[in-house]
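Trainee: let's see this in three dimensions:
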Amino acid sequence: MAKTLRYGRGKGSIQIDGTLKKMLEEALQAVAPMTMHILESEIKERVKHAKKNWIVRGDVERTRKNGTKYTYKQKSDRSIDKFKTGVRLLDGGRTIEAFYSNTAPYAWVIKAGKQSKKDDGSASSVKPGQYVARETMFKASKAGVDELIKKLADAYIKDQRKVK
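Mentor: Alright, predicted model coming up:
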């Protein structure tokens, strides 16, 4: 199930844990098992895509005034490891929303540079000057919305047929 279960959105939301979390997760699985499975698998795929394309700080080659080159080592704060996933209940429990975010406070302002590299050391797929979160999270999620809606609609119809 989701790592985080919340009720509400924004500063007015509360995180649900313990026995109540377990009870709500079981209720959600009983009421809409296919929907929950689709939401969770979709979020996992999106986080996997974002992590695969996320850039990390690496060593930078610099040139001194006399022309000699040296490598400047940068310490990474590992924003790639700060992804969080979960499910929100909204509108009195009538709406289920799956989410993922990067909890690093600076994650939304990371821009790719010419020397940017992925965690595996390969070149960045994000063009220099582009915001990494926008390219790896928002645009990627936006591109798959139509397919996700079809999956959820099919799951809803199948779940409703089981009720009769």
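Trainee: as a quick check, tell me the outermost residue of the chain.
Mentor: Computed with Cα atoms, centre = their mean, the residue of the chain farthest from its C-alpha average is residue 66, at 45.0 Å.
Trainee: identify all contacting residues around stretch 41-50.
Mentor: Stretch 41-50 is contacted from outside by 83, 85, 98-100, 102, 136-137, 140-141, 144, 148, 151, using Cβ atoms under 8 Å, 6 or more residues apart in numbering. Where you see a C-beta, it was placed from the backbone N, CA and C, and this is true even at glycine.
Trainee: sorry, slip of the keys, the one I care about is stretch 98-116.
Mentor: With Cβ under 8 Å, 6+ apart as the test, stretch 98-116 has contacts from 2, 39-40, 42-43, 46-47, 50, 55, 58, 60-61, 77, 79, 82-88, 123-124, 126-133, 135, 137.
Trainee: same thing but 6 Å
Mentor: For stretch 98-116, contacts defined as Cβ atoms under 6 Å, 6 or more residues apart in numbering pick out 39, 43, 46-47, 55, 60, 79, 82-87, 124, 126, 128, 130-133.
Trainee: go on, stretch 137-146?
Mentor: Stretch 137-146 has contacts (Cβ under 6 Å, 6+ apart) with 46, 49, 50.
Trainee: which one of those residues is nearest residue 117?
Mentor: Nearest to residue 117, judged by Cβ to Cβ, of the contacts of stretch 137-146 is residue 50 at 15.8 Å.
Trainee: now do the SS call for the residue most central in space within the chain.
Mentor: Central residue of the chain (Cα atoms, centre = their mean): residue 100, 3.6 Å from the mean position. Assigned with DSSP: H, G, I helix; E, B strand; the rest coil, residue 100 falls in the strand class.
Trainee: so of the contacts of stretch 98-116, which ones are in helices?
Mentor: Cross-referencing the contacts of stretch 98-116 against helices under DSSP state H gives 39, 43, 46, 47, 132, 133.
Trainee: what bridges to residue 62?
Mentor: residue 70 (DSSP bridges).
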